[in-house]
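**Student:** structure here, sequence nowhere to be found:
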Ligand SMILES: [Zn+2]
């Protein structure tokens, strides 16, 4: 039983612990190329946040990881079978209800720990910050926290070499042999500005990839995943420790 994981701890422990930081992993349930499970983002979000919390807890930070929200914004994959979509407006309602609980009970710091590229919580946290002036509301994600080129050979951002390596490390029993995986080729937009990345439209995933993945996963290994996992969890552990110590009204030098 891990005392920093709410789903595993109990009233006896919770009753007498002054938690400082709540962490809310938020994932998605969606196709990940042919070879990874639909729960890939959940597996990653839960494992990374819990391991980071363990390190922080052992350093004395009172962190509590809430159960991962398994559904995310999948508007760009609405035509891909059993990709489950929550509208951003629904996410705002969920966030407001959960923040209401924390705010009322004096747990004034929340980290929304994003594990899915289609989720975007920043505008929501701007709005909720006005509604909950005592709360310190933080958004982050694990997938942009490290320089991926230090860990893998191929680019990509969905069911790619990074994600495949991570799931090979965390849940190898759920990964099909990599010869079953698609190549993750992504069709590029015809307009230069979009290709350069300074203009955005939502990607319609059924038009940009055959396999539902972007990025070639076939050089992934469990060893690469283990190294990425170790570094990313250490990085977030330090963040949780720092946040546990900081005062909202004394945040800046
Ligand atoms: Zn993913």
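**Tutor:** Cool, the structure landed. Note that the structure is a prediction, hence the values are computed from the model and not measured. Residues are numbered from 1 along each chain as shown.
**Student:** hmm, residue 34 is touching residue 175, no?
**Tutor:** No: taking contacts as CB atoms under 8 Å, residue 34 lies outside contact range of residue 175: 10.7 Å. Quick note: C-beta positions are derived from backbone N, CA and C, even for glycine.
**Student:** ok, then the element right after whichever helix or strand residue 194 is part of?
**Tutor:** If you go by DSSP states H and E, residue 194 is part of helix 192-196. Using DSSP H and E, the next helix or strand after helix 192-196 towards the C-terminus is helix 205-208.
**Student:** show residues contacting the helix or strand following that next one.
**Tutor:** As assigned by DSSP H and E, the chain's next helix or strand after helix 205-208 is helix 222-245. Residues outside helix 222-245 that contact it (CB atoms under 8 Å, 6 or more residues apart in numbering) are 20-21, 23, 47-49, 51-56, 59-63, 109, 111, 113, 136, 138, 140, 142, 145-146, 151-152, 161-162, 164-170, 172.
**Student:** OK, contacts around the closest residue to residue 40 other than its chain neighbours?
**Tutor:** In this structure, residue 40 finds its nearest non-sequential neighbour in residue 32, 4.4 Å apart by CB to CB, 6 or more residues apart in numbering. If a contact means CB under 8 Å, 6+ apart, then residue 32 has 38, 40, 41, 158, 159, 163, 212, 213 as its contacts.
**Student:** surely residue 174 and residue 38 touch.
**Tutor:** No: Residue 174 lies out of contact with residue 38 (CB under 8 Å); the separation is 9.7 Å.
**Student:** what's near enough to touch the residue in the chain that the ion sits nearest to?
**Tutor:** Across the chain, the shortest distance to the ion (CB to the ion) belongs to residue 41, at 4.2 Å. Residues in contact with residue 41 (CB under 8 Å, 6+ apart) are 27, 28, 29, 30, 32, 72, 115, 116.
**Student:** kindly recompute the last result at 10 Å.
**Tutor:** Residues near residue 41 by CB atoms under 10 Å, 6 or more residues apart in numbering: 25-30, 32, 68, 70, 72, 114-119, 143, 158-159, 163.
**Student:** having no further points to raise, I will conclude here.
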